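Student: dropping a prediction and its sequence here:
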Amino acid sequence: MKQIIFTKEAPAPIGPYNQAVLVDNTLYVSGQIAIDAYTDSLVMDTIEKETEMVMTNLGFVLKAADMDYSNIIKTSIFISDMGNFSRINEVYARYFESDFPARETVEVSCLPKSVNVEISCVAVK
């Protein structure tokens, strides 16, 4: 059974997709970017603040499905500049206590709204 997950705490989708879809006990979370849902503005002061906003948005979507960061089993990180890899990693690591999820990080030429980082995940209850 498929259930659409939506929360006003995270930014609304900017295209024909959902924030997340729950199938049985597996949650598929769409890529999140650094949009503050309360102000509808991008948070791009620094790559660290941008990554924090992205991770916060992931957290809001997870919460809407009664999950948290510990439920994440896989992430996909898309970045515009591999030179920011270590700075993004530093922020990302703070959201996990142990047993980090599987992951890939890919440098891409362009992301939605010209952001520097987008992260999606798969989580399991």
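Tutor: Ah, there it is.

Student: what about the strands in this structure?
Tutor: 2-5, 20-23, 26-32, 35-36, 41-42, 72-79, 102-107, 117-124 (DSSP state E).

Student: so what does the first one touch, helix or strand wise?
Tutor: Using 3 or more C-beta pairs under 8 Å, 6 or more residues apart in numbering; DSSP states H and E as the contact criterion, the secondary-structure elements in contact with strand 2-5 are strand 20-23. (Each C-beta comes from the backbone N, C-alpha and C, glycine too.)

Student: now find how far off-centre the strand it packs on is within its chain.
Tutor: Distance of strand 20-23 from the chain centroid (C-alpha atoms, centre = their mean, to the nearest Å) equals 14 Å.

Student: swap in stretch 112-124?
Tutor: 4 Å.

Student: sorry, back to before: mean neighbour count and mean pLDDT added to the strands of the chain, as TSV?
Tutor: Shown next, in TSV, are these (neighbours: other C-beta atoms under 10 Å; pLDDT from 0 to 100):
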stretch	mean neighbour count	mean pLDDT
strand 2-5	13	98
strand 20-23	18	98
strand 26-32	21	98
strand 35-36	18	98
strand 41-42	13	98
strand 72-79	19	98
strand 102-107	12	98
strand 117-124	21	98
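
Student: can you redo those as a markdown table with distance to residue 12?
Tutor: Below are the strands of the chain laid out as a markdown table (distance: least, C-beta to C-beta, whole Å):
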| stretch | distance to residue 12 |
| --- | --- |
| strand 2-5 | 13 |
| strand 20-23 | 13 |
| strand 26-32 | 11 |
| strand 35-36 | 9 |
| strand 41-42 | 13 |
| strand 72-79 | 20 |
| strand 102-107 | 25 |
| strand 117-124 | 15 |
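
Student: closest one to residue 11 among these?
Tutor: strand 35-36 (3.8 Å; C-beta to C-beta).
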